[in-house]
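Asker: Predicted model and sequence below, questions to follow.
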Amino acid sequence: MDLIKVLILTLFTTFSSCMSGSIYINGDSSAVNAEVYVDNKLYGLMKKESYKTSNNEIYYYSSLIIKVTNGPHSLKFKSENSKYLNIDVTLQGEEYIFIDFQKMSIKR
């Protein structure tokens, strides 16, 4: 009986991992603290990140990783000064998105 439970658990874990994916979102400094909505529900805020260039200048950008099920999703981004960007994606594992509120653009 324990073997059957292990097999069922293994199948469930394998199947459910095939059903989910990740959306990797990056943006310039204008996207820091932007609200991110997935299917009209607030998912989180774009986090402030930084790195130092070779000449010791600090560059700021934003990032967020979203874990959702595979399939169609509507993403909406709201900047701190209430600018909006929208995109529809059909997730199949991984998606990479770059948002820029200064240029009001989304790139994939």
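Answerer: Received the coordinates, thanks.

Asker: Settle this for me: residue 49 is touching residue 61, isn't it.
Answerer: Yes - using CB atoms under 8 Å, residue 49 makes contact with residue 61 at a distance of 5.4 Å. Quick note: C-beta positions are derived from backbone N, CA and C, even for glycine.

Asker: Which one of the two is surrounded by more residues?
Answerer: residue 61 (18 against 15; other CB atoms under 10 Å).

Asker: Using CSV, write down the CA coordinates of the helix or strand hosting that one.
Answerer: Here residue 61 sits within strand 58-69, counting by DSSP states H and E. The C-alpha trace of strand 58-69 is given here as CSV (Å, rounded to 0.1, in the frame of the first residue of the first chain):
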residue,chain,number,x,y,z
ILE,A,58,25.9,52.3,-9.9
TYR,A,59,23.1,51.3,-12.2
TYR,A,60,19.6,50.7,-10.9
TYR,A,61,17.0,48.5,-12.4
SER,A,62,14.0,46.4,-11.3
SER,A,63,13.0,42.8,-11.3
LEU,A,64,10.3,40.3,-10.2
ILE,A,65,9.8,36.6,-10.8
ILE,A,66,6.2,35.4,-11.1
LYS,A,67,5.3,31.7,-10.6
VAL,A,68,2.0,30.9,-12.3
THR,A,69,0.3,28.0,-14.1
